[in-house]
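**Student:** Give me the fold of what follows.
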Amino acid sequence: MVMSDNRTASGILCLLFLVPLTTVVAYAAPDQTEVTGTYRYTFHEPETPSEALTLACREAWRLAVTESPLYRDQTANVVDSALLRAVANNLVTTYVKDQQILEQSQHGKTVTCRVRGMLVVDESVKAIRTQLAGEPTGGSGDALDQNRSLKIVAIREEPNGTISIEYQALRRLDWLNTNYQGGLRETADIMVDFYDDQKFLIRTERYPARRSASGDDVMNPGATGVLMVPKPLAAKTYRVWLVK
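**Tutor:** Prediction:
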């Protein structure tokens, strides 16, 4: 009986010893949180399946961030839709690590993209708070978005519902038929996504940044232009972006 009691006591001691070790391991996770997003999109000609999948994956990443508890907690009191889109885009491009595309599929005219990544918690919170406070976050100066050819300088919604987009050329843009062919051309296009009241994409429109303020077809580096885009009646929010 004594031996049995000793063994039992020893077993209890071992269990008590293991509990705090298990607890420490459970809460020693890295400062990251998993985010996932799935987006389905029905495309129409002349849009290609490849273009539709690219759009679906971009929207899946946006949803992965905007539906995360971290993003919702930090932006709960913000009503500026343009600012919220800018915050989400900054998180996707800068603070979502280990990005994985789990699924890309097509059934008829409908494509699906499912993604997963790890959102860095502390840095993301700091970035959101900095951006909401109106301070620069992305290292692009005063650019709202930028690629090798263009920089979006300002976006305003006019009283009549028209979206005013001010942009600046970073390199020479020549829209004559004999110049500026192939992949380079798309980097001088301004993209606008329109969303309904459920935040589902209505459509994406592409506009060439081909006119300077003086109406020239050739824009030299530093020249600025303004694009006026009519907002569809069904659109509640929108996003302006550039092809990277």
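
**Student:** Now do the buried residues in stretch 155-166.
**Tutor:** 155, 163, 165-166 (16 or more other CB atoms under 10 Å). For the C-beta atoms, the positions are set from N, CA and C on the backbone; glycine is no exception.

**Student:** Same question for stretch 95-114.
**Tutor:** For stretch 95-114, by 16+ other CB under 10 Å, it's 95-96, 104, 111-114.

**Student:** Over to stretch 192-207?
**Tutor:** 192-195, 201, 204.

**Student:** Relative to Val226, how far out is Glu158?
**Tutor:** 11 Å (CB to CB, to the nearest Å).

**Student:** shared neighbours of these two, which are they?
**Tutor:** Common neighbours of Glu158 and Val226 (criterion: CB atoms under 8 Å, 6 or more residues apart in numbering): Ser164.

**Student:** Among the buried residues of stretch 155-166, which ones are in strands?
**Tutor:** 155, 163, 165-166 (DSSP state E).

**Student:** pLDDT score for the residue most central in space within the chain?
**Tutor:** Central residue of the chain (CA atoms, centre = their mean): Asn89, 3.1 Å from the mean position. Note on Asn89: pLDDT of 85.

**Student:** right, and it touches Lys244 too?
**Tutor:** No: using CB atoms under 8 Å, Asn89 is not in contact with Lys244; the gap is 11.3 Å.

**Student:** picking that back up, okay if I get the ones in strands among the buried residues of stretch 155-166 as TSV plus pLDDT?
**Tutor:** As requested, those are exported to TSV (pLDDT from 0 to 100):
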residue	pLDDT
Ile155	84
Ile163	89
Ile165	89
Glu166	87
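
**Student:** Find the pair from those residues with maximum spatial separation.
**Tutor:** Greatest spacing in these, by CB to CB: Ile163 and Glu166 (10.9 Å).

**Student:** Overlap of the contact sets of the two?
**Tutor:** Joint contacts of Ile163 and Glu166 (CB under 8 Å, 6+ apart) are Ile155.

**Student:** so what does the helix or strand containing Phe194 touch, helix or strand wise?
**Tutor:** Using DSSP states H and E, Phe194 sits in strand 189-195. On a contact count with 3 or more CB pairs under 8 Å, 6 or more residues apart in numbering; DSSP states H and E, strand 189-195 meets strand 162-169, strand 201-208, strand 237-242.

**Student:** Now do the same for stretch 47-63: mean pLDDT, whole number.
**Tutor:** So the average pLDDT for stretch 47-63 ends up being 91.

**Student:** which residues of the chain score low on pLDDT?
**Tutor:** For the chain, the stretches flagged by pLDDT under 70 are 1-30, 79-80, 133-143, 175-187, 211-217.

**Student:** Strands of that one, start to end?
**Tutor:** Going by DSSP E, the chain shows strands at 32-42, 96-107, 110-120, 145-146, 150-157, 162-169, 173-174, 189-195, 201-208, 218-219, 224-230, 237-242.
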